[in-house]
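Engineer: based on what follows, work out the 3D shape:
(one chain, ligands or ions: 1)
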Amino acid sequence: MCIFCKIINREIPSNIILENEDFLAFHDINPKAPVHVLAIPKVHVDSFNEVAPEIMKNMTKFIQDVAKEMNIDKSGYRVITNVGENGAQEVKHLHFHIFGGAKLSWSHLSDANPKSMI
Ligand code: DGP
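Structural biologist: Predicted coordinates for the structure are as follows:
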């Protein structure tokens, strides 16, 4: 069982923000911004590559609700999902990082030439 499925099953503790029948949101263990929450579906899906559009429909609303719950919906925030090796995905259970609580930077993402594919 993956680590996020264990969090869903309460086999591993987490700091939960919001939960409903289908989704769970909790604080990231290694925060990279004052607000850094992970939102996940309770059904195991490896990554964004495999997720069904029907799940994303309600996932979108859930992420919006997390932003409201954390009081960052008006000030602004960033949503990121890492996919696969080049996406630097460590945990193979679909999750959306929700960052906020401060002005976020938008600096370099890799050491490769960003114009090499243009
Ligand atoms: P990613 O690289 O996108 O797969 O990010 C995985 C994130 O999951 C990373 O920011 C750290 C977080 N994380 C990993 N294990 C745990 C855990 O046991 N508890 C919590 N709360 N977060 C975790």
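Engineer: contacts made by the lengthiest strand in the chain with the rest, please.
Structural biologist: Using DSSP state E to define each element, the chain has its longest strand at strand 35-41. Around strand 35-41, the neighbours that count as contacts under Cβ atoms under 8 Å, 6 or more residues apart in numbering are 4, 7-8, 17, 22-28, 51, 55, 59, 62-63, 66, 70, 72, 77, 93-101. Any C-beta I mention is one placed from the backbone N, CA and C, and that applies to glycine too.
Engineer: right, and the helix or strand after it?
Structural biologist: Later in the chain than strand 35-41, the nearest helix or strand by DSSP states H and E is helix 53-69.
Engineer: what residues of that following helix count as buried?
Structural biologist: Buried residues in helix 53-69, counted by 16 or more other Cβ atoms under 10 Å: 55, 59, 62, 63, 65, 66, 67.
Engineer: go ahead and flag the most central residue of this protein.
Structural biologist: By Cα atoms, centre = their mean, the mean C-alpha position of the chain lies nearest to residue 96, the distance being 1.6 Å.
Engineer: on that earlier part again, contacts with the ligand among the contacts of strand 35-41, please.
Structural biologist: 26, 27, 28 (Cβ under 6 Å from any ligand atom).
Engineer: what sits against the second one?
Structural biologist: Right, the one you point to is residue 27. 14, 15, 17, 36, 37, 38.
Engineer: on that earlier part again, in strands, which of the contacts of strand 35-41 appear?
Structural biologist: Under the assignment DSSP E, the contacts of strand 35-41 contribute 17, 23, 24, 25, 26, 27, 77, 96, 97, 98, 99, 100 to strands.
Engineer: out of these, which are buried?
Structural biologist: Buried by 16+ other Cβ under 10 Å: 17, 23, 24, 25, 26, 77, 96, 97, 98, 99, 100, out of these.
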